[in-house]
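**Q** give me coordinates for this.
(chains A and B)
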There are 2 protein chains.
Amino acid sequence: MSSAVHSTQEYDMDTRSLSSSHRHPQDAPYVHKVGLPPKQNLFKEFKATVKETFFADDPLRSFKDQPRSKKFILGLQAIFPILEWGRSYSFAKFRGDLIAGLTIASLCIPQDIGYAKLANLDPQYGLYSSFVPPLIYAFMGSSRDIAIGPVAVVSLLLGTLLQSEIADPVANAAEYRRLAFTATFFAGITQVTLGFLRLGFLIDFLSHAAIVGFMGGAAITIALQQLKGFLGIKKFTKKTDIVSVMHSVFASAHHGWNWQTIVMGVSLLSFLLFAKYIGKKNKKLFWVPAIAPLISVILSTFFVYITRADKDGVQIVKHIEKGINPSSVNQIYFSGDHMLKGVRIGIVAAMIALTEAIAIGRTFAAMKDYQLDGNKEMVALGTMNIVGSMTSCYVATGSFSRSAVNFMSGCQTAVSNIVMSIVVFLTLQFITPLFKYTPNAVLSAIIISAVIGLVDYDAAYLIWKIDKFDFVACMGAFFGVVFVSVEIGLLIAVSISFFKLLLQVTRPRTAILGKLPRTAVYRNILQYPEATKVPGVLIVRVDSAIYFSNSNYIKERILRWLIDEEELVNKSGQPKIQFLIVEMSPVTDIDTSGIHALEELYRSLQKREIQLILANPGPVVIDKLHASDFAQLIGEDKIFLTVANAVAACSPKLMVEVV
Amino acid sequence: MSSAVHSTQEYDMDTRSLSSSHRHPQDAPYVHKVGLPPKQNLFKEFKATVKETFFADDPLRSFKDQPRSKKFILGLQAIFPILEWGRSYSFAKFRGDLIAGLTIASLCIPQDIGYAKLANLDPQYGLYSSFVPPLIYAFMGSSRDIAIGPVAVVSLLLGTLLQSEIADPVANAAEYRRLAFTATFFAGITQVTLGFLRLGFLIDFLSHAAIVGFMGGAAITIALQQLKGFLGIKKFTKKTDIVSVMHSVFASAHHGWNWQTIVMGVSLLSFLLFAKYIGKKNKKLFWVPAIAPLISVILSTFFVYITRADKDGVQIVKHIEKGINPSSVNQIYFSGDHMLKGVRIGIVAAMIALTEAIAIGRTFAAMKDYQLDGNKEMVALGTMNIVGSMTSCYVATGSFSRSAVNFMSGCQTAVSNIVMSIVVFLTLQFITPLFKYTPNAVLSAIIISAVIGLVDYDAAYLIWKIDKFDFVACMGAFFGVVFVSVEIGLLIAVSISFFKLLLQVTRPRTAILGKLPRTAVYRNILQYPEATKVPGVLIVRVDSAIYFSNSNYIKERILRWLIDEEELVNKSGQPKIQFLIVEMSPVTDIDTSGIHALEELYRSLQKREIQLILANPGPVVIDKLHASDFAQLIGEDKIFLTVANAVAACSPKLMVEVV
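**A** Numbers count the residues shown, from 1 in each chain, chains lettered A, B, ... in the order given. Prediction:
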């Protein structure tokens, strides 16, 4: 055992009080000891961990110390937030909600018809999904700004996944529809379960970068799919990757394109993009791009009706079932192979739908500064999809574009969703026959102009600037979706995200610290090139909890720093390294493997006659160092509150001036 | 926007030089700025990451700046370390190796015969596996103390996995054997691949706690399996769980037990355990437990031969094939369904075998203080299994018990493995017929006494003391193996280990900091109850890198700390919180999601008229804060080197004395 460093008590420490005029009267040298937190009851500790993991947002906070009757009312209000905000609802608020509701309704009707096609379903199923789910959400959801209904990405995903099970959605329409409802049902079940078990944090495992890439890729894919309607192509590939689609497009170039359709499509898309441009230029004219789709539908439908362009090959919607949602309870598969497929598809669709809805909810909640309980939102979204699956709806969630319009039109509460829902109801009851002559080209133009906003160049550029690895995840997801399929893109996104997390827990950073001139602060010498090493002392900071996954690496990395330093010292003829200080501030936890690694490190250092010293272990770590007797092994007087204290304790031994 | 804090330059900081007598002559107030590390070249950065992930141990270090011919020799020596240490091999070393080799040979022969049974193979396959693999390892391995051969846990695992594919190893002996060789071949391929691709860190994902539990459970299971030989039961269950085995044992209690076998087994086991006890009491007598098994085999064999106890129902080995390993190249399945099964089983067996061998290697390397390259070890172990699979061996690895004996007998190099291998060769050539009358009971007794050491109560107790969650993983693996099967136990162990890692990256710790009296050090108030909060300022430390998986949680957790604190402040009538200082020392990295979370936090705080201040962001973080313009958003003068600096900058504004 190397000769022990003297007790910390003997040296004048540098970390004095803030202002010297306020120092303690005796002016005695003062060293603060490393604190050992009060022993916690095992059960309490366990309870605290569980609470922090699953109830981090403390959802039962308001229930505390309330009489039973009050608890019941609070409970009801927790499930149906409308009971809470409904009591203070006013006419002023309703005016905002009415205008917002009408605006998003005008936007959602043409979008719904188009999105249903992405899911390979008849147009009315899109409208159905904008009628029942928003109503349910209005009662149970706590976001004030989200606009509920079918969305492009989920529709495409659902369509792709369903088609991989049932190859021909036209020939097997009934079976396909049944599987769609089954998937919707289990998507709802998944969402409710995640929310109820408070596993909402699982959706956080899809990184922002991966979502940007996935959404961008999906948007491109969706836009490419629209080339069918846009160019009036009749024979079109079932695949979604860019190569197949482009092949399909050019193969039909000579006799498959319809010039009337193209002229109509191009002029409508130009009109829509111009409207978008106006809305962007002048925020007050936000309603222009919002109602432009409906106007273009009305104009183009009227135009086709007058000119009977459908006889010249312009494809039209033809028929939308009239009347509101029929029941679909008995169409859901509750057993057999089809149920399993439904579960699988439902889970994937549920996760993507949740990711989108929660992201929207959080964004607008942050803007208006109100709290959103992610898990409660999931229960609301899940319930609405379960009810939806029984009333002929497919997976609905929060729509980026319509929520933004909702927000800008001045919505105040979820009542705007009710207004939208009523408009869709009236549409289904009375107006659907009028859509007969609506050209498919206008729907394609509307979808293209809607999804184009999902390709977020700025976000991708920012990701590139901030984190190159994130950018790889982003591009991986993007190209996966564009060149292979939505599923593969999603898989790539999730895998890269996960790999990054594993890297984090396997290869944590370490740093050599030096003293900043004229301070007693020790910092990474790579960040602060002016920081100076203390002769005879090597100070290493470990930047992560020490767990089994990295304990061995950390031990070997520290030894490698030491070997490098010793080589350097030998070359330059400086004093030999006698102390290794491990700065443990960032080490928030340590497990048994970590303790073993420290023990091995201690033994290796003993052989080299180097003293191991620890600086600032946290509460959990110091507790475990004592429990495992490691503190006693190296000596309790080798554990210091700060690096400066530790260096000061070494320096008399080294006979080196440390300033 | 709240009124801005003045530039840091204006205030006298607390972090003075170590000793006031050495302060800068002007005695000017001095504040060190937060360092922005020099911009790194993108390619360099990428290269550094790859190097740190896969070549953390810098295996090519010695190749640097060497002429080509020297490089070639170094390369050869890297693959065959024997070329390096062989040059300085001496007779003194050989003496140590010879004694150690003979000792482990006497231990391995009876063990091998028993272990082969665990794998449902004929006894000679155990001996084969102690002949070829140790030879290969001696040339390629770099551990000086490991003893190579079949081990109990891997034999049991292989037996269980193979039996789940081929139900009856006796009726389908040839097919079973072929699958065993196939699995061994692919286990070797797996090991070489992992080593070659430098993915050795993957085995670190099995935590120490999980291994302790798994090994303990496997030891109990193996001991229970020995009850068959020990009690002389003829009809025995094929399952390994404790319930089935006990049922089997008691069902045969009346007419299935053989009293002669029991008497013999009990007395032999007592003898072995007594020998073990002697070896433990007096370290110099380590050779007593080492040769006890061979002595008991000789004695019991002789006894059975004399008394012809086999005619009274004492089961004997009967026949061991004479001669060395036949070739088995053409028995390996290289295609079809059986190959896939072999791959699957091989991968699992390879991982467990590696875990055991690397753990042993590291332990003894640390004791004798030499370095072990995990990845190179894997290549050596893998090669030996590939060659083994072609010479009728099954998966071999490092044995805990024999390596310990090897170490204590004074082995110097891998030559002890060569000595052992030669003894096994001689045994196979000449002595196997003598094993004819060896009773199964002695083999059972030897196995029980060998595996009993794998149940590590002390380790389990230490795990309980250090980390309760680790203990759950340990017990999960233990009970999984004992009550269900080896596979399930392994699955539980891996799942719990993984879950813990995910928890780490999802729910990082945060802490409220207070000022330690008479210092300028800010620490967790839970660890240091004497630390005092600064009125009007809330200081929160985030204890983890901020990534997509936790960014949202961290943001919400900080806001919750703030709400709690504000409630407290309101009740006690203290000054309102005006500053939130986030101590970022432990935040080693941040990604785009993390930046977004900080932006959202900043906006929420702005609404509450609270100023966000950051303390000590690390090199990567400060770089990204600038790249994303977040530093400009909150103001560069809101980022400080230390918490003390930040507090000092706030305090004039607060007009509160901060001492």
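**Q** show me what from the stretch 551-659 of chain A comes close to chain B.
**A** Applying Cβ under 8 Å from any Cβ of the partner chain, we find that the stretch 551-659 of chain A lies next to chain B at A:551-553, A:556-557, A:560, A:585-586, A:588-589, A:591-593, A:595-596, A:600, A:603-604, A:607, A:616, A:618-620, A:622, A:624, A:627-628, A:641-642, A:644, A:648, A:657-659. Quick note: C-beta positions are derived from backbone N, CA and C, even for glycine.
**Q** can you map out the strands along the stretch 1-150 of chain A?
**A** Secondary structure of the stretch 1-150 of chain A (DSSP state E, counting those that start in this stretch): strands at A:148-149.
**Q** is it correct that residue A:63 is in contact with residue A:73?
**A** No. Using Cβ atoms under 8 Å, residue A:63 makes no contact with residue A:73, being 10.6 Å away.
**Q** nearest residue to the spatially most central residue of chain A in space, please, no chain neighbours.
**A** Closest residue to the average C-alpha location of chain A: residue A:204 at 4.7 Å, with Cα atoms, centre = their mean. In space, residue A:204 comes closest to residue B:549 once its chain neighbours are excluded; the distance is 5.4 Å by Cβ to Cβ, 6 or more residues apart in numbering or on different chains.
**Q** what sits against that neighbour?
**A** Contacts were defined as Cβ atoms under 8 Å, 6 or more residues apart in numbering or on different chains; by that measure residue B:549 touches A:204, A:205, A:207, A:501, B:502, B:505, B:506.
**Q** could you point out the longest helix in chain A?
**A** Longest helix in chain A by number of residues (criterion: DSSP state H): helix A:336-368.
**Q** what is the helix or strand following that helix packed up against?
**A** Going down the chain from helix A:336-368, the next helix or strand is helix A:374-389, by DSSP states H and E. On a contact count with 3 or more Cβ pairs under 8 Å, 6 or more residues apart in numbering or on different chains; DSSP states H and E, helix A:374-389 meets helix A:132-140, helix A:173-196, helix A:336-368.
**Q** quick one: the longest one to helix A:132-140, angle?
**A** If you take axes from the mean of the first three to the mean of the last three Cα atoms, to 10 degrees, helix A:336-368 sits at 50 degrees to helix A:132-140.
**Q** for residue A:211, report the pLDDT, please.
**A** Model confidence at residue A:211, given as pLDDT, is 86.
**Q** you'd agree it is up against residue A:355?
**A** Yes. In this structure residue A:211 lies within contact range of residue A:355 using Cβ under 8 Å: 6.4 Å.
**Q** doesn't residue A:212 make contact with residue A:456?
**A** Yes. Between residue A:456 and residue A:212 there is a contact under Cβ under 8 Å: 5.6 Å.
**Q** okay, and the helix or strand of chain A with the least pLDDT?
**A** Ranked by mean pLDDT, DSSP states H and E, the weakest helix or strand in chain A is helix A:42-54, scoring a mean of 74.
**Q** now do that helix against helix A:374-389, angle only.
**A** Using the same axes, to 10 degrees, one finds that helix A:42-54 and helix A:374-389 are set 50 degrees apart in direction.
**Q** so is helix A:42-54 next to chain B?
**A** Yes. In terms of Cβ under 8 Å from any Cβ, part of helix A:42-54 sits within range of chain B, namely A:42, A:45, A:46, A:49, A:52, A:53.
**Q** buried only: go through the residues of the stretch 551-659 of chain A next to chain B for me.
**A** By neighbour count, with 16 or more other Cβ atoms under 10 Å in any protein chain shown, those hold A:551-553, A:556-557, A:560, A:585-586, A:588-589, A:591-593, A:595-596, A:600, A:604, A:616, A:618-620, A:622, A:624, A:628, A:641-642, A:644, A:648, A:658-659 as buried.
**Q** which residues does residue A:568 contact?
**A** By Cβ under 8 Å, 6+ apart, residue A:568 lies in contact with residue A:574.
**Q** could you rerun that using 6 Å?
**A** Under the criterion of Cβ atoms under 6 Å, 6 or more residues apart in numbering or on different chains, the contact list for residue A:568 is empty.
**Q** alongside chain B, which residues does the stretch 301-450 of chain A contribute?
**A** Listed as neighbours of chain B in the stretch 301-450 of chain A under the rule Cβ under 6 Å from any Cβ of the partner chain: A:366, A:369.
**Q** try 10 Å
**A** Within the stretch 301-450 of chain A, the positions near chain B by Cβ under 10 Å from any Cβ of the partner chain are A:358, A:359, A:362, A:363, A:365, A:366, A:367, A:368, A:369, A:371, A:372, A:374.
**Q** who has more neighbours, residue A:456 and residue A:212?
**A** Per other Cβ atoms under 10 Å in any protein chain shown, whichever of residue A:456 and residue A:212 has more neighbours is residue A:212, with 28 against 17.
**Q** roughly how far does the more buried one sit from residue A:470?
**A** 9 Å (Cβ to Cβ, to the nearest Å).
**Q** and if you look at residue A:353?
**A** According to Cβ to Cβ, residue A:353 and residue A:470 sit 23 Å apart.
**Q** same check on residue A:361?
**A** From residue A:361 to residue A:470 the distance is 23 Å (Cβ to Cβ).
**Q** the more surrounded of these two?
**A** residue A:470 (27 against 24).
**Q** the more buried one contacts residue A:213, correct?
**A** Yes. In this structure residue A:470 lies within contact range of residue A:213 using Cβ atoms under 10 Å: 9.4 Å.
**Q** what touches both of those two?
**A** A:207, A:460, A:463, A:496 (Cβ atoms under 10 Å, 6 or more residues apart in numbering or on different chains).
**Q** those residues: which ones sit near chain B?
**A** Counting by Cβ under 10 Å from any Cβ, A:207, A:460, A:463 from the shared contacts of residue A:470 and residue A:213 sit close to chain B.
**Q** residue A:163: helix or strand, and which one exactly?
**A** For residue A:163, the host element (DSSP H and E) is helix A:152-165.
**Q** mind listing what's buried in that helix?
**A** Across helix A:152-165, burial judged by 16+ other Cβ under 10 Å covers A:152-163, A:165.
**Q** next, the angle from that helix to helix A:173-196.
**A** Going by the same axes, to 10 degrees, helix A:152-165 makes 120 degrees with helix A:173-196.
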